[in-house]
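*Asks:* Sequence first, then the predicted structure:
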Amino acid sequence: MSNLFVEESKLIEKGKASKPLLEQSSDNLDYIFRPASKKKQVMMHEITSLLEDDPVQDGYSHPLEDLLKNYIQDTGHEAVSWIQDIFVDKISSQPLLAADILNCLGRLEPSIALSSGLLMTYLALAQSSICLREAGLRLIENWNLNHESVRTNLESFIQKESKPWLSEYASEILMSLPH
Amino acid sequence: MDFVARKFARSKWEGERIKADAVTGCLRTYQDTLSVWSTDNTEYGIHNIALALASNMDRIDTIHIIAIPKRILLDAGVIFENTPGKIPIKDEDLVGRHQDIVRIDLDVLSTISRIIHSIVNSNENCHRISKKTITGLLCEAVRDGRFELGTLEKRQDSLRREVQKSLDN
C-alpha cells in the first residue's frame, strides 16, 4: 500500500493533484487559519447535510462531488486525509453515508486522491454492507486503473463475495481493466 | 407487455428488512405518481428501457433496473395511466411505453415496496446494465438517428462528452 502513497506524492509534486495550502487564494483567510480539527468538523457537517438533502443516485451528479473536489483543490492533501478519516469513522456506524462519500469520490479524477481512494475502496470491499461493497466496485469501474493492487483485490473479492450479482459485476470490471 | 420496469438502487433493497432509505431513495413520488416503463422483460426490451432512462441522465453509470410483473401490481389495486415518456429519443414506440402509477398513498407505496423487496430477494427480474452497455446503446441511438447529442441539456455535459468520445473512437 505504501507504493500508492508514493505515487500520489509524485502526482502532487507534478501539480496533477491537490494544491499546497500556501498556494490557495487569499480571499478566504479565515478559513485557512481555522484549526484543522474545526475544518474537518465543518466538512463533516457539509457532507452530512448534502447527503441528507439528496441521496446519491446512479446516473445523476451530486453536489457532494463538487464539495469534495473543491476541498481537495483548496486544502490539498490534508483534505484527502479528512475525507478518509470521515469515511473510516462512518464505515460501521453509517455505512450508507460512507458508501455515498466513496461513490462521489469515485466520480472525480483518480489523480485527485489516488492512494486514499484505493485504500477506502479496499476497506469498502471487505465490509458487510452491500452498499459499501458496491460503492467500492463503482470506484474501481470509474477509475479504470491499470494497477496490480486493484486486480489482486478484485480477484480476492470475487472469491469471497456471497452475492452472485456483485461477484459478476466485479468479474466484468476485472475483465475490462486496461493492461 | 407483461412487466413494468423502473431504475432502482439494488443494494439498498437487499436484506431481510425493507429499509426506509430504499423506499425514500428509489420510490420518490411527485404528485402521488411514480414513473415506470412497460417491457416484455427480454434483454432487448430491458436495453430499450435502459436507453430511455440513460437519455435523461447527467452521466453514464452502471444502473439497476427491476422488472415487476404487471399482474401482481394490478391485483394489488395499483392504478396505471399511459403518459408519453419525456425523453430526447425519437422513437414513438419507446415513448409510448411510459406509464405513471397514479393515486399513490401510503398503502400503495408500501405494497410496491414489498413487491420490489420480494423480487430482489428472489434474485429474479433484476437487471444490471453496465456503463459500457449504456454507452453502446446511446452511441447506437445516435448512429441510427434516434438520438441527437445537441438536444441534451447543460446538466448532461458529462454524458454528452462520454458518448462523443466513444463515437470518435
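*Replies:* Received it, and whenever you're ready, just let me know what you need.
*Asks:* tell me the contacts of the closest residue to chain B within chain A?
*Replies:* Closest residue of chain A to chain B, CB to the nearest CB: residue A:59 (3.5 Å). Where you see a C-beta, it was placed from the backbone N, CA and C, and this is true even at glycine. Shown in contact with residue A:59 (CB atoms under 8 Å, 6 or more residues apart in numbering or on different chains): B:7, B:53-54, B:57-61, B:63.
*Asks:* Just these: which are in strands?
*Replies:* Counting by DSSP state E, the contacts of residue A:59 place B:7, B:63 in strands.
*Asks:* Contacting chain A as well, which ones from the contacts of residue A:59?
*Replies:* Among these, the ones lying near chain A by CB under 8 Å from any CB of the partner chain are B:7, B:53-54, B:57-61, B:63.
*Asks:* I would like the residues contacting the lengthiest helix in chain A, please.
*Replies:* Criterion DSSP state H: the longest helix present in chain A is helix A:36-53. If you take CB under 8 Å, 6+ apart as the criterion, helix A:36-53 is touched by A:31, A:34, A:62-64, A:67, A:71, A:75, A:78-79, A:82-83, A:85-86, A:97, A:100-101.
*Asks:* do stretch B:8-26 as well
*Replies:* Counting by CB under 8 Å, 6+ apart, residues outside stretch B:8-26 touching it are A:55, A:57-58, A:96, A:130-131, A:133-134, A:163, A:165, B:6-7, B:64-66, B:109, B:113-114, B:116-117, B:120-121, B:126, B:128.
*Asks:* Now list the buried members of those residues.
*Replies:* Taking 16 or more other CB atoms under 10 Å in any protein chain shown as the criterion, what is buried in these is A:55, A:57-58, A:96, A:130-131, A:133-134, A:165, B:6-7, B:64-66, B:109, B:113, B:116-117, B:120, B:126, B:128.
*Asks:* Okay, and which of those residues map to helices?
*Replies:* Residues of these located in helices (DSSP H): A:96, A:130-131, A:133-134, A:165, B:109, B:113, B:116-117, B:120.
*Asks:* which pair in these spans the largest distance?
*Replies:* The distance between the two most remote of those (CB to CB) is 27.7 Å, for A:133 and B:109.
*Asks:* pLDDT at residue A:40, what is it?
*Replies:* pLDDT, residue A:40: 88.
*Asks:* Residues of chain A that sit close to chain B?
*Replies:* Where chain A comes near chain B, counting by CB under 8 Å from any CB, the residues are A:55, A:57-61, A:96, A:107, A:130-131, A:133-134, A:138, A:141, A:163-165, A:168-169, A:172, A:176.
*Asks:* Show me where chain A dips below the pLDDT cut-off.
*Replies:* Applying pLDDT under 70 to chain A flags the ranges A:1-36.
*Asks:* So which residues of it form helices?
*Replies:* So, for chain A - with DSSP H - the helices run A:2-13, A:29-32, A:36-53, A:63-75, A:77-90, A:95-105, A:114-125, A:130-143, A:148-160, A:164-176.
*Asks:* Could you work out which of those reaches nearest to residue B:49?
*Replies:* helix A:164-176 (18.1 Å).
*Asks:* Give me the packing partners of the closest one, helices and strands only.
*Replies:* If you count contacts as 3 or more CB pairs under 8 Å, 6 or more residues apart in numbering or on different chains; DSSP states H and E, helix A:164-176 packs onto helix A:130-143, helix A:148-160, strand B:126-129.
*Asks:* Quick one: those as a markdown table, columns for distance to residue B:153 too.
*Replies:* Formatted as a markdown table, the helices and strands packed on helix A:164-176 follow (distance: least, CB to CB, whole Å):
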| stretch | distance to residue B:153 |
| --- | --- |
| helix A:130-143 | 22 |
| helix A:148-160 | 34 |
| strand B:126-129 | 22 |
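*Asks:* Please identify the deepest-packed of these.
*Replies:* Among these, helix A:130-143 has the highest mean neighbour count (mean count of other CB atoms under 10 Å in any protein chain shown), at a mean of 25.
*Asks:* Just want the angle from that one to helix A:95-105.
*Replies:* Put simply, helix A:130-143 runs at 10 degrees to helix A:95-105, going by axes from the mean of the first three to the mean of the last three CA atoms, to 10 degrees.
*Asks:* would you put the C-alpha positions of helix A:130-143 in PDB?
*Replies:* In PDB, the C-alpha atoms belonging to helix A:130-143 read as follows (Å, rounded to 0.1, in the frame of the first residue of the first chain):
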ATOM      1  CA  ILE A 130     -23.700  -4.400   0.400                       C
ATOM      2  CA  CYS A 131     -24.000  -0.600  -0.400                       C
ATOM      3  CA  LEU A 132     -20.300  -0.200   0.600                       C
ATOM      4  CA  ARG A 133     -19.100  -3.200  -1.400                       C
ATOM      5  CA  GLU A 134     -21.000  -1.900  -4.500                       C
ATOM      6  CA  ALA A 135     -19.600   1.600  -4.000                       C
ATOM      7  CA  GLY A 136     -16.100   0.100  -3.900                       C
ATOM      8  CA  LEU A 137     -16.700  -1.700  -7.200                       C
ATOM      9  CA  ARG A 138     -18.200   1.500  -8.800                       C
ATOM     10  CA  LEU A 139     -15.000   3.500  -7.900                       C
ATOM     11  CA  ILE A 140     -12.800   0.800  -9.500                       C
ATOM     12  CA  GLU A 141     -15.100   0.800 -12.600                       C
ATOM     13  CA  ASN A 142     -15.000   4.600 -12.900                       C
ATOM     14  CA  TRP A 143     -11.200   4.900 -12.300                       C
END
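*Asks:* With that, I have no additional questions.
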